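> Dropping a prediction and its sequence here:
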Amino acid sequence: MLIRRPPDIASSEITPKELYLRRREFIGGVVAASVLGAIGVEDARAAKIDAAKSPLSTTETVTRREDATTYNNFYEFGTGKDDPGRKAHTLTTAPWSVKIDGLVNKPATYTLEDVLKSAPLEERIYRLRCVEGWSMVIPWIGFPLAAVLNRAGVQSKAKYVAFETLVRPAEMPGQSGLFQPLPWPYVEGLRLDEAMHPLTILASGMYGESLPNQNGAPLRLVVPWKYGFKSIKSIVAIRLVETQPPTTWQTSDAGEYGFFSNVNPEVDHPRWSQATERRIGEGSGLFVKRRPTLMFNGYADQVASLYAGLDLKANY
Amino acid sequence: MAPPDAARGRAGSGARPGSIKALINPAIYVFGFVPAVWTFYAAINDQLGADPLKVLERSLGLWALRFLIASLAISPLRRFAGVNLIRHRRALGLMAFFYALLHLTVYLWLDQGLDVGLIWKDIVKRPYITIGMLAFLILLPLAATSNAYSIRRLGAAWHKLHRWVYLAAAAAALHFAMVVKSLTAEPIIYAALVAGLLLVRLLPKTRARKVRSAA
């Protein structure tokens, strides 16, 4: 009779002692991951961010994270609202650097990590109003743009700030192909006083985590009193300039999109009214009641003084 | 658009009852509504993303345009490809009207909340809404006269009336192209299809006949 000896366990198969001793952490991690998965945190790479609450936040109901990450305008990934959510995962956001130059004392290319050290991170819950007539409430994580600009040292001749988004057709499918909806790179601009306003932030996160790619990772602008397209995503360059810089939508159709693009219910887009908006996720499914759009998206108390004496109809 | 076809269209398809051909028109009406029913169902069950209303509204409008294009393709198909589907043109045209009606209803009711002031302002101030409304208003009498009684009653005037569908299709394609924020491939393709189907109708008939007899 043949008695087979059980083979020795290969040493490579034995769990190292330090891992074995941490087995409870591992099981805890698996449980946590499955619980998070069950409650809908789909992006496992998103890192938790600690950020102080800000008195500048609104107390309105925050839009579902799922809606805010699947309904996006980010034409670099396609013109469909669901294109960015489906395609933006291909974007490499590390390493990342931002060139800050023009009329500054210390022009340089800063690493993202360095930019994020400009000021403590805060959570800012802002209303977001799209020029298309819908709105959301997003808990951004970021810090005032002014902190970065002050670090670079703004020269007295500077009157405007120009921003530029990444161009990388290999990872941004909307930037290649036959029909290009917009010229690249996407560029935006602010007047210096708008850029220095405490409400204007650079965001690196939302919903307590780092920014998903479709929302403009790793660094985007948020200017809550202007239509959403002013809040440029995936920024690679910030330049201080003397004259008003071109902006993508204004270049593409100056009759429809102006440089300021302040949310204004009294100045209609030539093709649709801006008097009302639909708050995404409000109501039930199809039955969403329109709500009146507020002047400067409800931030009039803080920003109206920036435009004192300016004809907002002519300077839309 | 020839009178004999229209007259033949009197009892639905004109095909022998019980034959497969006789089932095509009922099938167009039944399966034609599948996209509408499915999209409504998906919208109610939160499967259309963050803004289900916009998806529904757009989908209904697009299907109206698709059925319009299909109905416009019938006579060129017969003339240039020798495929005679004229018996199904009425069903396709009516489906286009039904979808346009659903599209308009969703806009008026779910999108604008039946706010008459808001809607009236939209219609008079927004060219794309004006043009969309124009397309619908043209389709209205066409749908109302899409029956054997009207064809007999109106005679030659029926054909004259139904030529307005050309303008409705052009308006619908333009309406779509004007809604989008930046012109992409999709509205351009639809506009090109409509333009092509309208332009082939301008080709002189005698020449087409000569080509066929030479072949």
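Yep, that arrived. Quick caveat, the model's predicted, so the values are computed rather than measured.

> rest of the way, CA atoms for contacts and neighbours
Noted.

> can you count the residues close to the closest residue to chain A within chain B?
With C-alpha to the nearest C-alpha as the measure, B:Ala50 is the residue of chain B nearest to chain A, at 4.9 Å. Taking other C-alpha atoms under 10 Å in any protein chain shown as the neighbour definition, B:Ala50 ends up with a count of 24.

> ok, now which ones touch it?
A:67-68, A:70-71, A:280-281 (C-alpha atoms under 8 Å, 6 or more residues apart in numbering or on different chains).

> What of B:Leu108?
Taking C-alpha under 8 Å, 6+ apart as the definition of contact, the neighbours of B:Leu108 are B:114-115, B:119.

> Doesn't it belong to a strand?
No: B:Leu108: not assigned to a strand; according to DSSP: H, G, I helix; E, B strand; the rest coil it is helix.

> Can you name the residues of the stretch 101-250 of chain A that neighbour chain B?
When proximity is defined by C-alpha under 8 Å from any C-alpha of the partner chain, the stretch 101-250 of chain A lies next to chain B at A:179-182.

> Whichever of those end up buried, select them in ChimeraX.
A single ChimeraX command suffices to select whichever of these are buried according to 16 or more other C-alpha atoms under 10 Å in any protein chain shown:
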select /A:180,181,182
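
> Mind picking the lowest-pLDDT entry from the residues of the stretch 101-250 of chain A next to chain B?
pLDDT across these is at its lowest for A:Phe179, which sits at 78.

> The helix or strand harbouring B:Ala191 - contacts with which helices or strands?
Using DSSP states H and E, B:Ala191 falls within helix B:185-199. In terms of contact count using 3 or more C-alpha pairs under 8 Å, 6 or more residues apart in numbering or on different chains; DSSP states H and E, helix B:185-199 is assigned the packing partners helix B:52-76, helix B:165-179.

> from the chain's centre, how far out does that helix sit?
Counting by C-alpha atoms, centre = their mean, to the nearest Å, helix B:185-199 is centred 14 Å from the centre of its parent chain.

> One more: stretch B:62-77?
In this view, stretch B:62-77 has its centroid 6 Å away from the chain centroid, taken as C-alpha atoms, centre = their mean.

> and what of stretch A:223-233?
Between the mean C-alpha position of stretch A:223-233 and that of its chain there is a distance of 9 Å (C-alpha atoms, centre = their mean).

> what is the rounded mean pLDDT of it?
Across stretch A:223-233, the average pLDDT comes to 98.

> Next: stretch B:53-68.
Across stretch B:53-68, the per-residue pLDDT values average to 95.

> go on, stretch B:37-47?
Confidence for stretch B:37-47, expressed as mean pLDDT, is 89.

> got the contacts of B:Ala50 as TSV, with pLDDT, secondary structure and distance to B:Ala169 columns?
Formatted as TSV, the entries for the contacts of B:Ala50 read as follows, by pLDDT from 0 to 100; DSSP: H, G, I helix; E, B strand; the rest coil; distance: C-alpha to C-alpha, whole Å:
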residue	pLDDT	secondary structure	distance to B:Ala169
A:Asp67	94	helix	35
A:Ala68	97	helix	36
A:Thr70	94	helix	33
A:Tyr71	95	coil	31
A:Ile280	92	coil	32
A:Gly281	88	coil	34
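
> For whatever residue of the stretch 1-150 of chain A ends up closest to chain B, give me its contacts.
Residue of the stretch 1-150 of chain A nearest chain B, by C-alpha to the nearest C-alpha: A:Asp67 (4.9 Å). Remark: with contacts taken as C-alpha under 8 Å, 6+ apart, A:Asp67 is in contact with A:280-281, B:49-50.

> From those, pick the one nearest A:Ala300.
For these, the closest approach to A:Ala300 (C-alpha to C-alpha) belongs to A:Ile280, at 22.3 Å.
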